[in-house]
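Peer 1: fold the following for me, if possible:
(4 chains)
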Amino acid sequence: MTKKEATDFIVSECRHLSEMYSLLILTPADGSALPEILPGQFVQVKVPHCADVMLRRPISINNVEPEKNTVWLLVRRAGKGTDTLASLEAGEKVNIVLPLGNSFSMPGSKDAKILLIGGGVGVAPLLYFGKVLKQNGYTPEFLLGARSGKDLLQLELFEQIGKVHSSTEDGSYGEKGLVTKNSVLASGIDCIYCCGPAPMMKAVAVEARRIGAECEVSLENMMACGIGACLCCVEKTVKGNVCVCTEGPVFNINKLTW
Amino acid sequence: MTKKEATDFIVSECRHLSEMYSLLILTPADGSALPEILPGQFVQVKVPHCADVMLRRPISINNVEPEKNTVWLLVRRAGKGTDTLASLEAGEKVNIVLPLGNSFSMPGSKDAKILLIGGGVGVAPLLYFGKVLKQNGYTPEFLLGARSGKDLLQLELFEQIGKVHSSTEDGSYGEKGLVTKNSVLASGIDCIYCCGPAPMMKAVAVEARRIGAECEVSLENMMACGIGACLCCVEKTVKGNVCVCTEGPVFNINKLTW
Amino acid sequence: MVDLSVNIGALKLKNPVMTASGTFGYGEEFADFFDLSRLGGYIVKGTTLEPREGNPYPRMAETPSGMLNAVGLQNKGVDYFINTIYPRICDIDSQMVVNVSGAKIEDYVEVCRRLSSLDRLEAIEVNISCPNVKQGGMAFGTTCEGAAQVTKAVREAWNRTLIVKLSPNVTDITEIAKAVEAEGADAVSLINTMLGMAIDVEKRKPCLSTITGGLSGPAVRPVAVRMVWQTVKAVRIPVIGLGGIMNGRDAMEFILAGATAVQVGTANFVDPTVCDKVVSYLEDYCIRHGFSSISELRGLI
Amino acid sequence: MVDLSVNIGALKLKNPVMTASGTFGYGEEFADFFDLSRLGGYIVKGTTLEPREGNPYPRMAETPSGMLNAVGLQNKGVDYFINTIYPRICDIDSQMVVNVSGAKIEDYVEVCRRLSSLDRLEAIEVNISCPNVKQGGMAFGTTCEGAAQVTKAVREAWNRTLIVKLSPNVTDITEIAKAVEAEGADAVSLINTMLGMAIDVEKRKPCLSTITGGLSGPAVRPVAVRMVWQTVKAVRIPVIGLGGIMNGRDAMEFILAGATAVQVGTANFVDPTVCDKVVSYLEDYCIRHGFSSISELRGLI
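Peer 2: A predicted model of the protein is given here:
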């Protein structure tokens, strides 16, 4: 397993995708090479100069650009900590612990029909995973869900990787309704990888079982340490309570008690 | 007494006078007129976005420019709070409670020989007081002390108001030694106004008594509220413990137990 | 229109927001900043039989999300309060509560006796939990016997609303609360400050002249909310919650834990207008969540 | 060259910096971040006789300068530790200390008996102060009788260094410390977490599945420093200080208050390399202030 490290990063760019979402593009401050990062892994970011925020914030890895030595973090404003992160400016320094957690497992066969399902900020890890799948000769497709069309993030980037299906609650883009009702699920999917709000992932898990597809989900439990020391982020599994930060964040739904 | 207010100010300029000192020039964010501010009064500044700094920081008023509706604060980096304040950038917003405390009292007669003695950041209130004295037909002179010549702050501004004497410990500017040994004190001073480190003010008080001059000093006790509610900033006086924030910061040395 | 009014025994408050003793002076210090009639009540600083000089400077140290203080009940004594201060502040359109402190039980009793002459004073808060005085103070507040003795004696001398302010520096605050309830207290307020200490490592000296002092501020809020929640389940009298309330959200945390009213303390030092904002927040919260009265939210977890 | 070594009973530490139980896993979780041999000692997580699943999620909430946790002693039990974990970590060139927890006194004793087979284990820390378990835990730690009983029983089953970890949720921690000293404890460590609580006011639900949990972090440091200072004056055995140490300065605060060693806890979550930095700070401090050994600074206020 790659050695974990606590490294100072420099914000090379902070793109405000919407009032809720920002994309942070970061590179190691000392110019050192990024460690190997697997799709599905996450980082723990120390929030700089922010009163009342002591603990790091776990953020999943949205993309890695080896050629530029940068890592992308998609930040959703959910409180003081993430607000501060989403408001960082180019040139600012942040300390990051990485790489953390396990990763999505590769599909059994190259010609498996693969669907990556994302909702809200949950699309973040799927971009990087989709890119890696494609690089390895797989043909991933995406199903992205959101409340409304304008909430669909990084669409153009996903489209560069594979076919994109989408569902919006108000029908303003793609099919109307929840992702679990999207027609693509009826097209004989073999492997599903899902990241999003817990209710959505649970609904996807049910659907996956129904259509007999393999299914992995990426959980976002609250964390303190991110390295398996505090035992705060546990999820109940068939093996009992396990740390999402070390045994996860990616779990095969058969390991969960959903 | 002027009504106190808690007002948002905008930093119109932050001049870094040295690695230890910055000058903040602030104006009310909503464009409202500054309240009447007397020389010797201070403000309580809420330190923005700074972890571990909850309480406001008391800063004496260095200057007021009615024509520009700005107030000057001379900030000495003495910890996290003042570091953050000294590093503010133009355009940033800070909440300030003002005007606080009493003020220097005017000399009895216009032809009194007046000496304003300042050390370190203690020179701050003397600039504004000197300006007001001059405007009212007095002829203030200044005695500024520092470790070395480069630590003497705002010299040119003081010189625009009145004659400036100085003492530096290394003799690199003005007379060598402590302010209490400066020859100007032998020139028949009637009124002394002093602000600086406690040991210096105590030495000046002794000297004032020796030469029979009236003497007021401005104290810098640690404070929480700044408005006489918490009773934390007390100084022992002939009347017992009194709040420096309301009965002071300016005291006639005869009121103190020095 | 939301009903924010609450009752503490016979004491009627227009809203649950009060100011904590020793953090709001006599109210008048804050008159420049907001309309004091917005307050449910204001608790004036600890008053003793004789004038007290308090402890030597330094009396304060900032700590992470908190502050230590060792003021030591500096005040000019009950007679000065009655003759000089009360006339100045008795017209404020809000409930005045005097915090009564003492070193001996007889002192508490005598202060109450003298305060009885003030017709606009409907309630007192008896402080048996001040950590910054050598005798009395917290000593009474850390045993059921001591707390009961003071309450019993004061109850006989004071027939209007009696609030007893409890110390958090105990193993089981519910036992102390039950003891003062049994002696006739109309309400309990908690928590007073936690005994703490800070050291200047460069000087190798304590930060306070008294070495130890009282810790307040948001740092202690989780302990305060827990103690309020436990006490509400242990007694039938109203519980007034305080400890690190910095904004309306924090105040609501105490109300949801079961507090009938709250006191804002240290926050007054950080933002002299905070109490006004807390009242607005509570009203907005009720509207936003569809409650017609603040009482419906009490203990709603 | 500065001498940072200290002794806790017969236990020799190369420096006073240890890691607090439950915040450093089994040490190996931090091996990527710094050389573990830099540690004076590492205290592995609370170990019980039987495996424990701990409490349901959510188990953690962030509070001002602190965090609440309600892990509830999740661990795989003493036999798993002995057979699987100990062999993996016993070669770390630092003093290993196992934190022993239990619901019944017999459980504490049996865990100690089994741990006696580990020849590289020179010390245990007995946890009589966990606020997150229904039986035992803090119940033992909040009365002199309970604390004495556990200590007495464990003392008979464990002849190497015995540290007892005390709860801050008491009226007078020095009484508890004296009680465990009288039963043969070689040292006391304090403070464990303070019982606290937080509420999500928008959801009107407690933040923790257990409602209450243990508060740790810099918020509690002033209380911890005060209790260490009081305890050092009350007992003759060494006192290990912990509670909100985030950096070397904070560690020095405890040493100046009289602590022989310190434990870094919550800070490990914020900066996994913090312990390494604390050791460096202590050495630099001694040089900067002209002390040849850390022991000269102990209690120097």
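Peer 1: can you give me the strands in the stretch 51-200 of chain A?
Peer 2: A:57-65, A:70-76, A:93-100, A:114-119, A:140-146, A:164-168, A:175-176, A:191-195 (DSSP state E, counting those that start in this stretch).
Peer 1: any idea which helix or strand carries C:Glu62?
Peer 2: With secondary structure defined by DSSP states H and E, C:Glu62 is part of strand C:60-63.
Peer 1: what strands flank that strand, and is each parallel or antiparallel?
Peer 2: When pairs are called by DSSP bridges, strand C:60-63 turns out to pair with strand C:66-69 (antiparallel).
Peer 1: please see if the helix or strand that the partner strand is followed by touches chain B.
Peer 2: Going down the chain from strand C:66-69, the next helix or strand is helix C:78-80, by DSSP H and E. No. Against chain B, helix C:78-80 shows no contacts by Cβ under 8 Å from any Cβ of the partner chain, the least distance being 12.6 Å. Any C-beta I mention is one placed from the backbone N, CA and C, and that applies to glycine too.
Peer 1: pass me the low-pLDDT residue ranges in the stretch 1-150 of chain A, would you?
Peer 2: Residue ranges of the stretch 1-150 of chain A with pLDDT under 70: A:51.
Peer 1: how about the residues of it that lie near chain B?
Peer 2: A:49-54, A:84.
Peer 1: most neighbours out of those, which is it?
Peer 2: When neighbours are counted by other Cβ atoms under 10 Å in any protein chain shown, A:Met54 leads those with 28 neighbours.
Peer 1: quick one: that one from D:Lys45, how far?
Peer 2: A:Met54 is 21 Å from D:Lys45, where distance means Cβ to Cβ, to the nearest Å.
Peer 1: need the residues of chain A near chain D, please.
Peer 2: Near chain D, when you scan chain A using Cβ under 8 Å from any Cβ, you find A:3-6, A:46, A:52-56, A:95, A:97, A:221-236, A:240-241.
Peer 1: buried subset of the residues you listed as a PyMOL selection?
Peer 2: A single PyMOL command selects the buried members of these (16 or more other Cβ atoms under 10 Å in any protein chain shown):
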select buried, chain A and resi 4+5+6+46+52+53+54+55+56+95+97+221+222+223+224+225+226+227+228+229+230+231+232+233+234+235+241
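Peer 1: contacting residues around the strand holding C:Glu62?
Peer 2: In this structure, residues lying in contact with strand C:60-63 by Cβ atoms under 8 Å, 6 or more residues apart in numbering or on different chains are B:52-55, B:222-224, B:230, B:232-233, C:67-70, C:196, C:198, C:207-208, C:213, C:215, C:217, C:219, D:218, D:221-222.
Peer 1: of the residues of chain A next to chain D, list those near chain C.
Peer 2: Answer for the residues of chain A next to chain D near chain C (Cβ under 8 Å from any Cβ): A:Asp52.
Peer 1: okay, and which of the residues of chain A next to chain D map to strands?
Peer 2: Residues of the residues of chain A next to chain D located in strands (DSSP state E): A:5-6, A:95, A:97, A:234-236, A:240-241.
Peer 1: ranges for the helices of the chain?
Peer 2: Answering for chain A, as no chain was given. A:80-86, A:124-135, A:155-161, A:198-211 (DSSP state H).
Peer 1: sorry, I should have been clearer: chain C.
Peer 2: Counting by DSSP H, the helices of chain C are C:78-80, C:86-89, C:105-115, C:138-141, C:144-157, C:173-182, C:221-234, C:248-256, C:267-270, C:274-289.
Peer 1: turn these into a markdown table, columns for mean neighbour count and mean pLDDT.
Peer 2: A markdown table is the format used below for the helices of chain C (neighbours: other Cβ atoms under 10 Å in any protein chain shown; pLDDT from 0 to 100):
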| stretch | mean neighbour count | mean pLDDT |
| --- | --- | --- |
| helix C:78-80 | 17 | 98 |
| helix C:86-89 | 15 | 96 |
| helix C:105-115 | 19 | 96 |
| helix C:138-141 | 24 | 81 |
| helix C:144-157 | 19 | 96 |
| helix C:173-182 | 21 | 97 |
| helix C:221-234 | 25 | 98 |
| helix C:248-256 | 25 | 98 |
| helix C:267-270 | 24 | 98 |
| helix C:274-289 | 19 | 98 |
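Peer 1: quick one: which of those is nearest B:Ile37?
Peer 2: Relative to B:Ile37, the nearest member of these by Cβ to Cβ is helix C:267-270, separated by 21.9 Å.
Peer 1: quick one: list the elements packing against the closest one.
Peer 2: helix C:274-289 (3 or more Cβ pairs under 8 Å, 6 or more residues apart in numbering or on different chains; DSSP states H and E).
Peer 1: which secondary structure elements does the helix it packs on contact?
Peer 2: Helix C:274-289 packs on strand C:17-19, helix C:248-256, strand C:261-264, helix C:267-270, going by 3+ Cβ pairs under 8 Å, 6+ apart.
Peer 1: for chain C, which residues are neighbours of chain B?
Peer 2: Going by Cβ under 8 Å from any Cβ, the residues of chain C near chain B are C:22-25, C:29-30, C:32-33, C:45, C:53-54, C:56-60, C:62, C:64-67, C:69, C:71, C:74, C:217-218, C:266, C:268-273.
Peer 1: list only buried entries from the residues you listed.
Peer 2: Here, 16+ other Cβ under 10 Å leaves C:22-25, C:29-30, C:32-33, C:45, C:54, C:57-60, C:62, C:64-67, C:69, C:71, C:74, C:217-218, C:266, C:268-273 buried among the residues of chain C next to chain B.
Peer 1: how about the contacts made by the residue nearest to A:Gly119 when sequence neighbours are not counted?
Peer 2: When the adjacent residues along the chain are set aside, A:Gly119 lies closest to A:Gly196, with 2.9 Å between them (Cβ to Cβ, 6 or more residues apart in numbering or on different chains). The contact partners of A:Gly196, by Cβ under 8 Å, 6+ apart, come to A:117-120, A:122-123, A:145, A:179, A:204.
Peer 1: same deal with A:Thr82?
Peer 2: Going by Cβ under 8 Å, 6+ apart, A:Thr82 touches A:57, A:75-76.
Peer 1: scan those residues and report the most crowded one.
Peer 2: A:Val75 (26 neighbours).
Peer 1: and the closest residue to chain A within the stretch 151-300 of chain C, what does it touch?
Peer 2: Distance from chain A to each residue of the stretch 151-300 of chain C (Cβ to the nearest Cβ) is smallest for C:Pro218, at 7.7 Å. Contact analysis of C:Pro218 by Cβ under 8 Å, 6+ apart lists A:52, B:54, C:65-66, C:244, C:246, C:250, C:266, D:63-65, D:219.
Peer 1: quick one: buried residues of stretch A:146-156?
Peer 2: Buried-residue list, stretch A:146-156, by 16+ other Cβ under 10 Å: A:146, A:151-155.
Peer 1: contacts for it next, please.
Peer 2: Contacts of stretch A:146-156 (Cβ under 8 Å, 6+ apart): A:17-18, A:20-21, A:62, A:74, A:119-121, A:123, A:127, A:144, A:164, A:166-170, A:172-174.
Peer 1: can you name the residue of the stretch 151-300 of chain C nearest chain B?
Peer 2: Counting by Cβ to the nearest Cβ, the stretch 151-300 of chain C gets nearest chain B through C:Phe269, at 4.1 Å.
Peer 1: which residues touch that residue?
Peer 2: With contact set as Cβ under 8 Å, 6+ apart, C:Phe269 has these partners: B:55-56, B:224-225, B:229-230, C:23, C:67.
Peer 1: thinking again about what came up before, pipe the helices of chain C into JSON lines and attach distance to A:Val184 per row.
Peer 2: Output for the helices of chain C, formatted as JSON lines (distance: least, Cβ to Cβ, whole Å):
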{"stretch": "helix C:78-80", "distance to A:Val184": "79"}
{"stretch": "helix C:86-89", "distance to A:Val184": "72"}
{"stretch": "helix C:105-115", "distance to A:Val184": "76"}
{"stretch": "helix C:138-141", "distance to A:Val184": "67"}
{"stretch": "helix C:144-157", "distance to A:Val184": "69"}
{"stretch": "helix C:173-182", "distance to A:Val184": "58"}
{"stretch": "helix C:221-234", "distance to A:Val184": "47"}
{"stretch": "helix C:248-256", "distance to A:Val184": "43"}
{"stretch": "helix C:267-270", "distance to A:Val184": "53"}
{"stretch": "helix C:274-289", "distance to A:Val184": "39"}
